[in-house]
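Novice: Here is the input, now give the coordinates:
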Amino acid sequence: NPAASHMINAAVHAMNAFLLYAVLKYLNDRGALFAGLIFALHPVHVESVAWISERKNVLSGLFYLLSLYAFLKFEDRPGKGIYILSLVLFVMALLCKTVACTLPAAILIIRWMRARDIGTGYIARLVPFFALGLAFGLLTIWWEANLVGASGQQWEMSYLDRVLIAGRVFWFYLYKLIAPFELIFIYPRWQIDPSAIWQWVFPAAAILAAALVLALSRRIGRGPAASMAFFIVTLFPALGFIDVYPFQFSFVADHFQYMASAGPISLFAAAAWTASRGASYAKTLSAAAIFLVVLWTLSFSQTFIYKDSDTLWKDTAARNPDAWIAHANLAVASINSDPDAAIAHGEKAYGMNPSNELISNALGLAFYRKSKALAQKGMETESQGYNARAIELYAQAIAREPRYAAAHINLGISLGHKEDYDGAIEHFQYALRLNPSKTFVTKNIDLMLELKAMTHPLELEMRGQK
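Specialist: Residues are numbered from 1 along each chain as shown. As a prediction, the model looks like this:
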């Protein structure tokens with residue numbers, strides 16, 4: 001029952017919306033309240049709140065905004081205590097999620113927006129922030145590549161590829177903020193081709209837009225340029241220049257722009273307040289209320305896909321049929337209840353990503369479950385055909401990842417079903433060496449010995465004598 005976890009995430013998100021309002025209010029932004037309400041209700045934030053794993057995102061945002069607010073206070077009323085508090089809160093944000101490493105750059109952007117001096121003394125105060133951000137960032141890059149698995153063919157991209165990705169990512173997130181429709185848990189993964197001229201339109205347009213806003217800053221103020229700079233800097237870890245594990249599924253995800261969205265949202269809120277100055281209070285309030293109700297309606301409808309895993313992956317597969325991870329998870333979910341559906345989803349995932357050991361193992365398990373169902377009906381020949389396919393798939397998974405304990409266990413079970421007890425025992429023993437705590441494996445070894453004793457009693461007796 002995820003209700004309690006969802007409530008905690010929602011409460012933290014509500015605090016973040018309030019803190020964004022507090023920061024903007026402190027900066028004398030007249031649209032602060034409207035910006036806080038938009039941040040609270042915007043549909044692109046549903047993923048960060050409803051997906052329990054993304055608690056790291058909302059918690060990081062909480063400490064990020066608290067650290068930012070404390071540092072702004074320190075700027076106006078310098079004191080050792082408030083400075084240390086800001087630094088400690090920054091470390092807490094980093095410990096939740098290292099995307100917070102962009103905070104010192106955001107502080108510099110805000111300082112520039114306020115037209116205040118950025119001298120060596122001011123930079124010196126930010127050195128510990130930059131040092132900590134860099135250290136945590138490098139640790140995360142190493143972690144993603146060596147422990148999480150963000151390395152291999154799908155991450156082998158040239159610098160030109162990454163520039164194309166960055167330009168497209170920028171406009172994608174901006175578009176989803178303006179038109180938050182057709183939000184998908186796993187978006188389609190783009191095919192990047194530097195030889196395609198049209199793909200260069202995205203980075204070129206992003207550079208042109210940034211230059212234009214900067215050039216107009218003397219006439220329209222520094223706010224728009226600062227908002228865009230905050231958006232780009234806070235998005236930087238997800239722009240494509242740093243390899244992260246989800247890039248094998250898609251280059252974009254709603255939760256990647258959770259904190260970055262505060263830039264465009266605050267700009268829109270300020271522009272809306274400026275545009276409404278000539279209108280009556282009643283009209284302004286009505287327009288704002290209608291806008292917020294529309295956002296709330298879109299967000300509320302989005303929450304239903306997070307009811308449970310099956311609902312989430314079915315919605316993802318329906319909206320993005322090429323999302324192999326959705327089909328792989330649907331295969332796993334239906335292995336026990338509907339082996340035929342599991343095989344269908346597993347075959348789709350395998351066809352899209354045949355080199356993934358997790359898919360091979362899941363599809364193998366689906367074939368084994370079908371084999372067992374046929375065996376129970378007395379259809380032994382058909383049963384062994386499905387079991388043979390399962391053995392083949394497990395072997396493929398082990399060939400790609402020899403230390404994949406689950407594949408060794410599953411292969412052992414299928415070999416036992418084939419009455420190859422020696423082969424089964426060999427794989428069970430290997431799995432036991434990989435994970436000595438699995439008593440389940442020990443029981444399977446005992447079972448294989450008993451079955452072998454029943455089928456080959458003389459051979460077992462002679463081996464025991466030796």
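Novice: Which elements pack onto the helix or strand containing Tyr83?
Specialist: Taking DSSP states H and E as the definition, one finds Tyr83 inside helix 80-96. Counting contacts by 3 or more CB pairs under 8 Å, 6 or more residues apart in numbering; DSSP states H and E, helix 80-96 packs against helix 55-76, helix 120-143. Glycine gets a C-beta too; all of them are placed from N, C-alpha and C.
Novice: Report the angle between the last one and helix 80-96.
Specialist: Angular relation of helix 120-143 and helix 80-96 on a 0 to 180 degree scale: 20 degrees, by axes from the mean of the first three to the mean of the last three CA atoms, to 10 degrees.
Novice: Tell me the gap between stretch 389-408 and the middle of its chain.
Specialist: 27 Å (CA atoms, centre = their mean, to the nearest Å).
Novice: That one: end-to-end distance?
Specialist: One end of stretch 389-408 sits 15 Å from the other (CA to CA, to the nearest Å).
Novice: List the buried residues of it.
Specialist: By 16 or more other CB atoms under 10 Å, the buried positions in stretch 389-408 come out as 389-391, 393-394, 396-398, 404-408.
Novice: for stretch 152-167, same thing?
Specialist: Result for stretch 152-167 [16+ other CB under 10 Å]: buried residues 157, 162-167.
Novice: Could I get the average pLDDT for it?
Specialist: In this model, stretch 152-167 carries a mean pLDDT of 88.
Novice: how much distance is there from it to the middle of the chain?
Specialist: 18 Å.
Novice: can you tell me the distance between the two ends of that stretch?
Specialist: 23 Å.
Novice: Contacts for that stretch, please.
Specialist: 190, 192, 194, 199-200, 202-206, 239-241, 243, 247-248, 251 (CB atoms under 8 Å, 6 or more residues apart in numbering).
Novice: redo that, cut-off 7 Å
Specialist: The contact list for stretch 152-167 (CB atoms under 7 Å, 6 or more residues apart in numbering) reads 192, 194, 199-200, 202-203, 206, 239-241, 243, 247-248, 251.
Novice: out of those, who's nearest Ile359?
Specialist: Gln248 (12.1 Å; CB to CB).
Novice: give the contact list for Leu139.
Specialist: Contacts of Leu139 by CB under 7 Å, 6+ apart: none found.
Novice: Now do the same for it: its pLDDT.
Specialist: So, for Leu139, pLDDT stands at 91.
Novice: what number of residues lie near Phe170?
Specialist: Neighbour count for Phe170, taken as other CB atoms under 10 Å: 22.
Novice: what sits against it?
Specialist: So Phe170 contacts 206, 232 (CB under 7 Å, 6+ apart).
Novice: what's downstream of the helix or strand hosting it, the next helix or strand?
Specialist: In the assignment (DSSP H and E), Phe170 maps to helix 159-178. Sequence-wise, the next helix or strand downstream of helix 159-178 (DSSP H and E) is helix 201-215.
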